[in-house]
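# quick one, what's the 3D model for this:
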Amino acid sequence: MGSVVKDEEMSPPVKKLSSLRLNSPLAQVSLIGVVCFCCPGMFNALSGMGGGGQIDSTAANNANTALYTTFAVFGVLGGGIYNILGPRATLFAGCSTYVLYAGAFLYYNHYKHQTFAIISGAILGVGAGLLWAGQGAIMTSYPPTNRKGTYISLFWTIFNLGGVMGGLIPFILNYHRTADSVNDGTYIGFMAFMSAGTLLSLVILHPSKVIRNDGSGCTNIKYSSVAVESAEILKLFLNWKMLLMFPAAWASNFFYSYQFNNVNKFLFNLRTRGLNNVFYWGAQMIGSVLIGYVMDFSFKSRRVRGLVGVGFVGVLGSVIWGGGLANQLRYERDDKPWDLDFKDSGSVFAGPFVLYFSYGLLDAMFQTMVYWVIGALANDSETLSRYTGFYKGVQSAGAAIAWQLDTQKTSFLAQFITNWSLTTISYPLLALLILLAVKDDDDEDDEQSKQKKADESISLSKVG
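Numbering: from 1, shown residues only. Got it, this is the predicted structure:
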């Protein structure tokens with residue numbers, strides 16, 4: 001009988017060819033990255049304009065409140081729905097709601113009725129919960145255990161390239177316009193990308209068909225039932241691991257309303273906001289690659305790598321938020337918007353621009369770090385879909401409140417202090433979670449080997 005060849009022992013040409021298979025983890029993670037490039041990537045670019053590209057942020061704030069309220073519910077339920085329906089139906093249903101949302105702002109551009117935007121936001125929250133639960137399961141369960149940070153950063157890079165491209169759309173189409181709201185072509189461009197992403201989601205394979213380069217399956221997932229998933233989802237709220245992760249989840253989208261509306265929209269004019277988003281989401285690509293390297297390659301021990309990663313993001317975050325405080329003390333909500341243009345010379349433009357760029361860098365590093373921790377808590381897609389669903393649900397509940405705080409005209413400084421405090425609280429709790437729950441690679445390999453032998457013994461006994 002032939003021996004099984006380990007992935008590390010394969011010759012480079014064979015390894016490269018095997019990685020290009022449609023059913024390889026690399027191909028599937030890349031595909032879900034492209035899907036998110038087209039759908040949430042373009043949504044991020046639209047939101048990053050501040051006010052959904054409108055002069056008045058009220059409609060966008062209310063739509064986002066509705067969005068993240070339903071997202072909070074279906075983010076938690078999304079993992080269970082994914083385990084019942086499988087990836088294609090779940091992702092297709094989720095992606096289709098993004099097109100409706102962009103179309104609602106195209107409608108608002110003409111009629112200024114926010115009801116459609118709010119309803120479409122609520123529907124998008126349902127769809128986003130489905131999409132991100134499926135995305136999280138794919139991104140955290142398919143990669144080899146010692147390369148999860150690399151695969152997460154790969155996804156984050158592809159996904160945020162959508163934000164970069166999406167930032168170019170309003171920058172180019174509104175370059176010579178003096179109006180404060182984007183034109184129809186901007187929304188139509190977003191809708192075209194979102195439609196393409198919806199169709200591409202049908203190429204995603206079921207987890208049982210995805211095979212790693214060493215010939216092993218990524219997960220033993222089977223179609224679940226409503227009763228099983230309902231019980232497992234309820235258990236998450238009593239799971240000590242999820243409770244330690246709760247502050248990080250709550251904080252991870254809370255700062256978007258502040259950064260998009262109170263920094264980008266308040267400080268810059270329309271065309272420069274689009275350009276800023278190119279660099280904001282570009283910074284996310286850099287940040288995800290950087291922290292992915294730290295989490296996968298900095299030290300031999302996986303637990304040590306995790307702790308170093310959390311410490312690194314914590315220190316950098318303190319520096320960036322400190323710079324943000326210095327900037328925020330220069331203006332208040334009642335002040336006249338600055339309307340800075342990218343052609344303005346000197347530090348007048350450069351300082352706020354670098355700060356906004358740094359916010360994007362920190363966002364990606366923070367979220368990649370959290371996803372790495374989630375991925376280190378388990379390996380099977382079924383469990384990780386629930387964990388990531390819980391993460392996205394809590395994240396969205398925080399975001400819903402954040403958008404409404406801005407609608408209620410909460411002071412810029414109060415929002416800033418809240419954001420900095422929430423992220424700071426997260427770091428020691430994530431470090432504790434890593435110490436208590438994350439196993440080193442060798443320990444996990446031993447456990448998987450024992451489980452494999454146990455499964456083989458059971459199979460032999462059944463044959464006998």
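# Leu316 contacts Leu362, correct?
Yes - with contacts defined as C-beta atoms under 8 Å, Leu316 counts as touching Leu362 at a distance of 6.6 Å. Backbone N, C-alpha and C define where each C-beta goes, glycine included.
# higher neighbour count, the two?
With neighbours defined as other C-beta atoms under 10 Å, Leu316 and Leu362 compare such that Leu362 has more, 24 against 18.
# mind checking the SS state of the more buried one?
Leu362 falls in the helix class when you classify it by DSSP: H, G, I helix; E, B strand; the rest coil.
# now it: closest residue in space that isn't a chain neighbour?
Ile320 (5.1 Å; C-beta to C-beta, 6 or more residues apart in numbering).
# please name every helix or strand in contact with the helix or strand harbouring Gly80.
Element membership for Gly80 (DSSP states H and E) is helix 58-85. When contacts are defined as 3 or more C-beta pairs under 8 Å, 6 or more residues apart in numbering; DSSP states H and E, helix 58-85 packs onto helix 87-111, helix 114-141, helix 226-236, helix 381-407.
# picking up where we left off before, what sits against the residue nearest to Leu362?
Leu355, Ser358, Tyr359, Leu361, Leu362 (C-beta atoms under 8 Å, 6 or more residues apart in numbering).
# so it is in which element?
Per DSSP H and E: helix 302-328 holds Ile320.
# average pLDDT for that helix?
Mean per-residue pLDDT for helix 302-328: 96.
# with stretch 382-400 instead?
On average, stretch 382-400 scores 89.
# can you dump the C-alpha atoms of it in PDB for me?
Extracted C-alpha coordinates of stretch 382-400, given in PDB (Å, rounded to 0.1, in the frame of the first residue of the first chain):
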ATOM      1  CA  GLU A 382     -20.200  23.500  11.800                       C
ATOM      2  CA  THR A 383     -18.900  24.900  15.100                       C
ATOM      3  CA  LEU A 384     -17.000  27.800  13.500                       C
ATOM      4  CA  SER A 385     -20.100  28.900  11.600                       C
ATOM      5  CA  ARG A 386     -21.900  29.300  14.900                       C
ATOM      6  CA  TYR A 387     -18.900  31.100  16.500                       C
ATOM      7  CA  THR A 388     -18.600  33.600  13.600                       C
ATOM      8  CA  GLY A 389     -22.300  34.000  13.500                       C
ATOM      9  CA  PHE A 390     -22.300  35.000  17.200                       C
ATOM     10  CA  TYR A 391     -19.400  37.400  16.600                       C
ATOM     11  CA  LYS A 392     -21.200  39.100  13.700                       C
ATOM     12  CA  GLY A 393     -24.500  39.200  15.600                       C
ATOM     13  CA  VAL A 394     -22.900  41.000  18.600                       C
ATOM     14  CA  GLN A 395     -20.900  43.200  16.300                       C
ATOM     15  CA  SER A 396     -24.000  44.300  14.500                       C
ATOM     16  CA  ALA A 397     -25.900  45.000  17.800                       C
ATOM     17  CA  GLY A 398     -23.100  47.400  18.700                       C
ATOM     18  CA  ALA A 399     -23.100  49.000  15.300                       C
ATOM     19  CA  ALA A 400     -26.900  49.500  15.400                       C
END
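# excluding chain neighbours, what is closest to the residue nearest in space to the middle of the chain?
The centroid of the chain falls nearest to Gln367 when counting by C-alpha atoms, centre = their mean (6.7 Å). Among residues not flanking Gln367 along the chain, Ser252 sits closest, at 5.6 Å (C-beta to C-beta, 6+ apart).
# look at the one you found and say how many residues are nearby.
25.
# thinking again about what came up before, and the contacts of Ile320, which is closest to Thr150?
The closest of the contacts of Ile320 to Thr150 turns out to be Leu361 (C-beta to C-beta; 18.4 Å).
# could you give the number of residues near that closest one?
23.
# that one contacts Gln284, doesn't it?
Yes - applying C-beta under 8 Å as the test, Leu361 and Gln284 come out as touching, 7.0 Å apart.
# quick one: the strands in the stretch 351-464 of the chain, in order.
Applying DSSP state E, counting those that start in this stretch to the stretch 351-464 of the chain gives no strands.
# picking up where we left off before, distance check, the residue nearest to the centre of the chain against Lys235.
According to C-beta to C-beta, to the nearest Å, Gln367 stands 25 Å off from Lys235.
# now Ile417
Taken as C-beta to C-beta, the span from Ile417 to Lys235 is 35 Å.
# and what of Val354?
45 Å.
# and those two? Which one has more around it.
More crowded of Val354 and Lys235, by other C-beta under 10 Å: Val354, with 15 against 11.
# can you check the pLDDT for that one?
96.
# likewise Asp455?
We have a pLDDT of 40 for Asp455.
# likewise Leu429?
The model's pLDDT for Leu429 equals 97.
# so what's it closest to, chain neighbours aside?
Leu244 (4.9 Å).
# for Ala431, same thing?
Sequence neighbours aside, Val310 is the residue nearest to Ala431 in space, at 5.0 Å (criterion: C-beta to C-beta, 6+ apart).
# what about Phe299, neighbour count?
15.
# wait, I meant His176
As a measure of burial, His176 has 7 neighbours, counting by other C-beta under 10 Å.
# before we move on, back to that, I figured the residue nearest to the centre of the chain hits Trp156, correct?
Yes - contact criterion C-beta under 8 Å: Gln367 and Trp156 qualify, at 7.5 Å.
# sorry, back to before: contacting residues for the residue nearest to Ala431?
Contacts of Val310 (C-beta under 8 Å, 6+ apart): Met369, Tyr427, Leu430, Ala431, Ile434.
# in this structure Leu275 contacts Phe342, no?
Yes - the criterion here is C-beta under 8 Å, and Leu275 meets it with Phe342 at 5.4 Å.
# neighbour count winner among these two?
Each of Leu275 and Phe342 has its neighbours counted (other C-beta under 10 Å); Leu275 has more, 19 against 16.
# great, nothing more from me.
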